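Undergrad: Sequence below, structure please.
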Amino acid sequence: MLSKNINYFKSKPVNVPKITILLDHGYHPDHLTAELNKIYPQILTKIKFELSEKPSKKHKGERGQSGFVPVKAR
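TA: Residues are numbered from 1 along each chain as shown. Presented below is the predicted three-dimensional model:
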């Protein structure tokens with residue numbers, strides 16, 4: 001997805017706040033960073049990765065949920 005829209009990131013000014021991309025715990029920011037650096041080395045001046053919080057079993061139990069629960073995006 002990011003490589004298909006690389007022109008957007010190339011044209012994005014550096015003085016604008018970075019774009020935060022939320023990742024599930026199955027994704028590895030280090031691997032994504034290495035691959036994106038091959039395509040566009042300056043991309044990390046414009047985006048940042050953040051792992052989304054995983055709801056605890058206690059928190060899910062309080063809400064009456066179990067199993068997979070989608071995390072609300074900011």
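Undergrad: tell me the contacts of Ile47?
TA: Taking CB atoms under 8 Å, 6 or more residues apart in numbering, we find Ile47 in contact with 2, 9, 18-21. To be clear about C-beta, it is placed using only N, CA and C from the backbone, and glycine gets the same treatment.
Undergrad: repeat that with 7 Å
TA: Ile47 makes contact with 9, 18-19, 21, according to CB atoms under 7 Å, 6 or more residues apart in numbering.
Undergrad: and Phe49, backbone torsions?
TA: Dihedral pair for Phe49: phi -100, psi 150, per degrees, to the nearest 10.
Undergrad: I figured it hits Pro29, correct?
TA: Yes - at 4.1 Å, Phe49 counts as touching Pro29 under the criterion of CB atoms under 7 Å.
Undergrad: Neighbour count for the two, which is higher?
TA: A count of neighbours by other CB atoms under 10 Å puts Phe49 above the other of Phe49 and Pro29, at 16 against 13.
Undergrad: for that one, what are its contacts?
TA: For Phe49, the contact set (CB under 7 Å, 6+ apart) comprises 21, 23, 29, 32.
Undergrad: from those residues, which would you call buried?
TA: Not one of these meets the buried threshold, by 16 or more other CB atoms under 10 Å.
Undergrad: If we only consider those, which is nearest to Lys54?
TA: Checking those against Lys54 by CB to CB gives Leu23 as the nearest, at 11.4 Å.
Undergrad: which residues are in contact with stretch 15-31?
TA: For stretch 15-31, contacts defined as CB under 7 Å, 6+ apart pick out 46-52, 54, 73.
Undergrad: So for it, mean pLDDT?
TA: Mean per-residue pLDDT for stretch 15-31: 87.
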